[in-house]
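Q: Here is a sequence with its predicted model. Questions after.
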Amino acid sequence: MKKIFTIAALSLPMFYQLPVLAADADNLKVKLTEINSLKADFNQTVTDINDKVIQTGEGVFALSHPNQFYWHLTAPDESLIVADGTDVWVYNPFAEEVSVMDINQAISASPIALLVHSDDATWSQYKVAQTDNCFDISPKDADSGVSEVQVCFDDKQLTQMVLKDQQGNISDFKLTNQSSIADTDRDLFKFVVPDDVDIDDQRLKLTN
């Protein structure tokens, strides 16, 4: 079940075919520019294709431009994802292992990239459609592993992220206690590998 949380978070973390979609993407960019950085608590509910709750959890979420992301699931089981601007670290304390990938690997398959990435090449991989204060994001690549992501705002605050995977599971994140990133929070985006932890360095696999 922990795998569901990890996949959801990485999908948490992206169209210029029709003018209306381009305008919607621009509106989302404006919203994200207004945020720039964010730290919040989250509650997560995962439901299956039959709308049955299969897991709940809670933790801390943070982001900062460019390319910095922090997702710490504290309950029911701990896991941690940190994007430090260059690499993405996925840490499973229970299994005592950490995976690391180049940030471009994560961005190529994750709509969360839109929250921390601003270049046109990244945005061009996704379609964006706006309904009121929510934006539906779907990858052009059908093999990305994520069917649809929705992000919702209350004025200038990001309040909700809803992720649907290709198996029909839906992960609903609700954010509370939001604030901008303070100087004392900057260490959130620095991952230090714990002692006696196995490292799966997927960056090296790309060069073999």
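A: On my side now, so go ahead. It should be emphasised that the depicted structure is a prediction, and the values quoted were computed from it without experimental measurement. Residues are numbered from 1 along each chain as shown.
Q: And what about Asp24, helix, strand or coil?
A: Of the three states, Asp24 takes helix under DSSP: H, G, I helix; E, B strand; the rest coil.
Q: check contacts around it.
A: Going by CB atoms under 8 Å, 6 or more residues apart in numbering, Asp24 touches Val128, Ala129, Gln130, Phe135. (Each C-beta comes from the backbone N, C-alpha and C, glycine too.)
Q: in this structure, which segments are predicted with low confidence?
A: 1-22, 107-114, 118, 142-146, 204-208 (pLDDT under 70).
Q: could you pull out the strands for it?
A: With DSSP state E, the ranges of strands along the chain come out as 37-47, 53-64, 68-75, 79-84, 87-92, 97-102, 126-131, 134-139, 146-154, 157-165, 170-179, 198-201.
Q: Looking at the ones you listed, spot the one closest to Lys29.
A: Checking those against Lys29 by CB to CB gives strand 126-131 as the closest, at 9.1 Å.
Q: Now do that closest one and strand 134-139, the angle between them.
A: 160 degrees (axes from the mean of the first three to the mean of the last three CA atoms, to 10 degrees).
Q: and strand 126-131, what does it pack onto?
A: Here strand 126-131 touches helix 19-35, strand 134-139, going by 3 or more CB pairs under 8 Å, 6 or more residues apart in numbering; DSSP states H and E.
Q: and those as TSV, adding distance to Thr47?
A: TSV is the format used below for the helices and strands packed on strand 126-131 (distance: least, CB to CB, whole Å):
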stretch	distance to Thr47
helix 19-35	25
strand 134-139	18
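Q: Most tightly packed of these?
A: Highest mean neighbour count of the helices and strands packed on strand 126-131: strand 134-139, a mean of 20 (counted as mean count of other CB atoms under 10 Å).
Q: count of residues packed around the nearest residue to Thr86 once chain neighbours are set aside?
A: In this structure, Thr86 finds its nearest non-sequential neighbour in Ile103, 5.9 Å apart by CB to CB, 6 or more residues apart in numbering. Using other CB atoms under 10 Å, Ile103 is surrounded by 23 other residues.
Q: Check Thr159 too.
A: 17.
Q: Now do the contacts for it.
A: Cys152, Phe153, Lys174, Leu175.
Q: just Gln68 next, same as before
A: Counted by CB under 8 Å, 6+ apart, Gln68 has contacts Ala83, Asp84, Gly85, Val116, Phe189.
Q: Which two among those residues are spaced furthest apart?
A: Between any two of the contacts of Gln68, the greatest separation by CB to CB is 11.4 Å, found for Asp84 and Val116.
Q: circling back to that earlier point, so what's the residue nearest to Thr86 up against?
A: Residues in contact with Ile103 (CB under 8 Å, 6+ apart) are Asn67, Ala83, Gly85, Thr86, Asp87, Val88.
Q: Taking those, please make a PyMOL selection of just the buried ones.
A: Here is the PyMOL selection string for the buried members of the contacts of Ile103, based on 16 or more other CB atoms under 10 Å:
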select buried, resi 67+83+87+88
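Q: Which one of the contacts of Ile103 is nearest to Thr74?
A: Once CB to CB is applied, the member of these that ends up nearest Thr74 is Ala83, at 18.4 Å.
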